[in-house]
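J.: The following comprises the amino acid sequence and a computationally predicted model.
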Amino acid sequence: MICPNCSNFYDDSYAFCPYCGAEKPAPKICPRCEILTDISYNFCPRCGRPLVSIKDYRKKWKVCPRCNHKINNVAKQCPYCNHRF
């Protein structure tokens, strides 16, 4: 992997760059297809939509503790089982 901060090459298994200490970029995900892609991609190879960081994607959703459906993070009630948050 090439560090986006210092441009040095380091092993993909490292969480941080051993040269500058920058955190490894989070993988990108398609919000529509929900497939993980390479961090160098900007658009989904399946549907062509812009990709987002998986960290940003997880902030938009939460999982209902009762039925385990994925729902919008601002919802006050699960639309599937009516569980209130």
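T.: Ah, there it is.
J.: which residues touch stretch 43-61?
T.: Here stretch 43-61 makes contact (C-beta atoms under 8 Å, 6 or more residues apart in numbering) with 25-33, 35-37, 41-42, 70-73. Using the backbone N, CA and C atoms, a C-beta is placed for each residue, glycine as well.
J.: For the protein, just list every one of the strands.
T.: Read by DSSP state E, the chain holds these strands, from start to end of the chain: 28-29, 36-37, 52-53, 61-63, 70-72.
J.: Ranking the ones you listed by mean neighbour count, which comes first?
T.: strand 28-29 (a mean of 21; mean count of other C-beta atoms under 10 Å).
J.: Counting by contacts, list what that one packs against.
T.: strand 36-37, strand 52-53, helix 54-60 (3 or more C-beta pairs under 8 Å, 6 or more residues apart in numbering; DSSP states H and E).
J.: so which of these gets nearest S7?
T.: Each of those was checked against S7 via C-beta to C-beta, and the shortest separation belongs to strand 52-53, namely 20.2 Å.
J.: most centrally placed residue in the protein?
T.: Geometric centre of the chain, nearest residue: I54, 0.7 Å, by C-alpha atoms, centre = their mean.
J.: Please report the distance of it from K28.
T.: 7 Å (C-beta to C-beta, to the nearest Å).
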